[in-house]
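S.K.: Just the structure for this:
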Amino acid sequence: MIRVLGEDVHGKTEGIEDVVVNVGDTLSEICGEADSSFTALLLSPKIVSEEEAEELAGKNNSSIVMQFSLAAGEKAVDEHVAVKFLTGGDAEVDIWKRVWGRNEGNPENFSYHVLQTPHHCSLGVLSHDQYSDRDGKPGKGEECEIDDEAYSALSQAESGAFIVSSCEKPEANTGKDLAWRKYEEIAADNEGKKLCTMVDSQDKPLKITITDNGPSTTENKSIVGAIPPKVEKGTSEKPYA
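M.R.: Take a look at the predicted model:
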């Protein structure tokens, strides 16, 4: 369990100090037991002021952003990092801007061999603009401005990296399609590959095998376990960034 603690929230966080991980800390425990095969760096969320919270409305902005370093086989991660995995839940553009700003001097904190594209490849991760007309506001289409800081945070790919989107291949001329193409550019610039769960592994788990030489994809022959039922989303009690 990972929690970020800034203050006691209605008594609900009392006594959890032993399982607290602060932003910027690295952990290597699973269920309280040390595991030398990985480390995980917590990059977000971080509790913010009420003024900042007004700029960061929405539960997506409380998503956890982490960089995992993983070893292969029985090796320890301090001996050899085989793969770095960057994941950010549904964190949107303002979060990536802030996280990059806090870590700009250490871009290695964002490096990855595998990236899970945030928010199912949504353009809202890379831009404040909307692609299509919505809610009475005109869309900017291909003129949407890509935020430099958010793009920098998500473009620290290692050579041969896999960029994976949990979604279907987007329709052309949509915001998700524009974001998709930006991730394709990042992959191509680093001799990597853009993958999509609903295209490259439809109705099956998308498996990426970790070896001493980095990650590789393997063909899946059967689905593992039943697909869990959809659960209702909870509510965030504190603003985070």
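
S.K.: and the strand or helix carrying Trp100, which residues are buried?
M.R.: Taking DSSP states H and E as the definition, Trp100 sits inside helix 93-103. Neighbour-count burial for helix 93-103 flags Val93, Asp94, Ile95, Trp96, Lys97, Arg98, Val99, Trp100, Arg102, Asn103 (criterion: 16 or more other CB atoms under 10 Å). For every residue, glycine as well, the C-beta is placed using N, CA and C.

S.K.: Using CSV, write out the CA atom coordinates for stretch 199-207.
M.R.: Provided in CSV are the C-alpha atoms of stretch 199-207 (Å, rounded to 0.1, in the frame of the first residue of the first chain):
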residue,chain,number,x,y,z
VAL,A,199,-5.0,-4.0,-31.3
ASP,A,200,-1.8,-5.8,-30.4
SER,A,201,-3.4,-8.2,-27.8
GLN,A,202,-7.1,-8.1,-28.3
ASP,A,203,-9.0,-10.1,-25.6
LYS,A,204,-5.7,-11.3,-24.2
PRO,A,205,-3.2,-9.8,-21.6
LEU,A,206,-0.5,-7.9,-23.3
LYS,A,207,2.7,-9.5,-21.9
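
S.K.: I'd like the average pLDDT over that stretch.
M.R.: Averaged across stretch 199-207, pLDDT comes to 88.

S.K.: how about it: buried residues?
M.R.: Buried, per 16+ other CB under 10 Å, within stretch 199-207: Asp200, Ser201, Leu206.

S.K.: and which of these is nearest Ala153?
M.R.: Checking those against Ala153 with CB to CB, the nearest one is Leu206 at 23.2 Å.

S.K.: my read: that closest one touches Val164, true?
M.R.: Yes. Leu206 sits in contact with Val164 when judged by CB atoms under 8 Å, with a separation of 6.7 Å.
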